[in-house]
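**Student:** okay, sequence plus prediction incoming.
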Amino acid sequence: METSSLWRHPDHPGIELLSARYTRFEFSRHWHDELAIGVIEAGAEGLDYRGDRLLIPEQHIVAINPAEVHTGFAGADQGWTYRMFYFDPQLLGQLLEHAGGPPLDPVIERPVIHDPALFTLLLALHRALEQPSLSLTRDTLLSQCLERLFRHHGQRSSTPTPALDRPAAQRVHDYLHDHWRSNVSLDTLETVTGASRFQLIRSFQASYGVTPHQFLLLLKVRHAKRSLAAGCSQLDTALACGFYDQSHFSRNFKRAFGVPPSHYRTG
């Protein structure tokens, strides 16, 4: 069965998202005004692009620059399942302006990319824009995806990574400890540290082994566990700990402890 869904997240109007499974459908020749980046979750997509017929298998990334004419069709008998991002070029320019180091040009060199780390980040970002997630989660994943995409696969892929800012990482660490109940934003952390979001994410991960949003979620689930142990209900715990909703709480609790909160036993 073929399925497809196209939408925009209200907090990220410069990004259009597509989630689809196609078996017989074929795109006619067309182009996008946006940068199109997609992850092939299953099967394979065929692509006519720049005079070549390409095959993008599962676990690979497809990248089509703005205004490039192309098609899309099943590259395997079972078709293909994929998730696409359509990034507004103006949004990309604004975000990459503060990436640090030599300027990054928002143009991708190759249409087929095999980069497991980037694939995982893009998939996580797409899901975070599809289901309830903290703003810090969405914004951190977006920054990580864009930096890796353009620093490793852009036209200036040899640009060096900017230096770390350990003091900024410490300030983020302390701020999140003091405000773990809140839905902290990257804008707030930029204000607190004076560092760009790219630099503070990079520096925090190098210092503590996780990104700021992962650290915030770990703080929330640790406090949630104590709340459940004290006899509080799942709903009250989810609200008190600042989760988006109960499903967001349950999903992240299970990721941390291996069981959903409903299966957590204290005695």
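**Tutor:** Noted; the coordinates are in hand.

**Student:** going by C-alpha atoms from here, please, whenever you check contacts or count neighbours.
**Tutor:** Fine.

**Student:** now do the end-to-end distance for stretch 233-251.
**Tutor:** Terminal residues of stretch 233-251 are spaced 16 Å apart (C-alpha to C-alpha, to the nearest Å).

**Student:** for H177, pull up the helix or strand it's in.
**Tutor:** Here H177, judged by DSSP states H and E, is contained in helix 166-178.

**Student:** that helix packs against which elements?
**Tutor:** Contacts defined by 3 or more C-alpha pairs under 8 Å, 6 or more residues apart in numbering; DSSP states H and E place helix 166-178 against helix 186-193, helix 197-208, helix 212-229.

**Student:** could you list the buried residues of the last one?
**Tutor:** To tie it back to what came earlier, the one meant is helix 212-229. 212-221, 223-225, 227-228 (16 or more other C-alpha atoms under 10 Å).

**Student:** what about it, distance to the chain center?
**Tutor:** 21 Å (C-alpha atoms, centre = their mean, to the nearest Å).

**Student:** next SSE downstream of it?
**Tutor:** Where DSSP H and E defines the elements, the next helix or strand beyond helix 212-229 is helix 234-240.

**Student:** P13 sits in which helix or strand?
**Tutor:** According to DSSP H and E, P13 maps onto strand 12-22.

**Student:** which residues make contact with that strand from outside it?
**Tutor:** Contact with strand 12-22 is made by 1-9, 74, 79-88, 91, 126, as judged by C-alpha atoms under 8 Å, 6 or more residues apart in numbering.

**Student:** now with 7 Å?
**Tutor:** Contact with strand 12-22 is made by 2-8, 79-88, 91, as judged by C-alpha atoms under 7 Å, 6 or more residues apart in numbering.

**Student:** residues in contact with F25?
**Tutor:** So F25 contacts F73 (C-alpha under 7 Å, 6+ apart).

**Student:** how far out from the middle of the chain is the helix or strand where L54 lies?
**Tutor:** Using DSSP H and E, L54 sits within strand 52-57. Relative to the chain's own centre, strand 52-57 is displaced by 25 Å; criterion: C-alpha atoms, centre = their mean.

**Student:** check which element follows it along the chain.
**Tutor:** strand 61-64.

**Student:** mind listing what's buried in that next one?
**Tutor:** For strand 61-64, burial by neighbour count (16+ other C-alpha under 10 Å) applies to 61-64.

**Student:** closest to A240 among the residues you listed?
**Tutor:** Using C-alpha to C-alpha, I61 is the member of these that lies nearest A240, at 39.0 Å.

**Student:** you'd agree the closest one is up against A42?
**Tutor:** No. If you go by C-alpha atoms under 7 Å, I61 and A42 don't touch, sitting 11.7 Å apart.

**Student:** that older thread, tell me the strands beside the strand holding L54, with direction?
**Tutor:** Using DSSP bridges, the strands paired with strand 52-57 are strand 35-49 (antiparallel).

**Student:** what mean pLDDT does the strand it pairs with get?
**Tutor:** The average pLDDT within strand 35-49 is 96.

**Student:** which of the buried residues of strand 61-64 sits closest to L235?
**Tutor:** Among these, I61 lies closest to L235 (C-alpha to C-alpha), at 38.5 Å.

**Student:** dump the residue contacts of the closest one.
**Tutor:** Under the criterion of C-alpha under 7 Å, 6+ apart, the neighbours of I61 are 38-40, 112-114, 119.

**Student:** mind pulling up the pLDDT for Q94?
**Tutor:** At Q94, the model reports a pLDDT of 85.

**Student:** how far away is it from T237?
**Tutor:** 38 Å.

**Student:** same thing with I56?
**Tutor:** 44 Å.

**Student:** go on, R83?
**Tutor:** Distance, R83 to T237, by C-alpha to C-alpha: 33 Å.

**Student:** how about the residue sitting nearest the centre point of the chain, nearest residue that isn't a chain neighbour?
**Tutor:** Nearest to the centroid of the C-alpha atoms of the chain, with distances taken as C-alpha atoms, centre = their mean, sits L125, at 2.2 Å. Closest residue to L125 apart from its sequence neighbours, by C-alpha to C-alpha, 6 or more residues apart in numbering: L141 at 5.5 Å.
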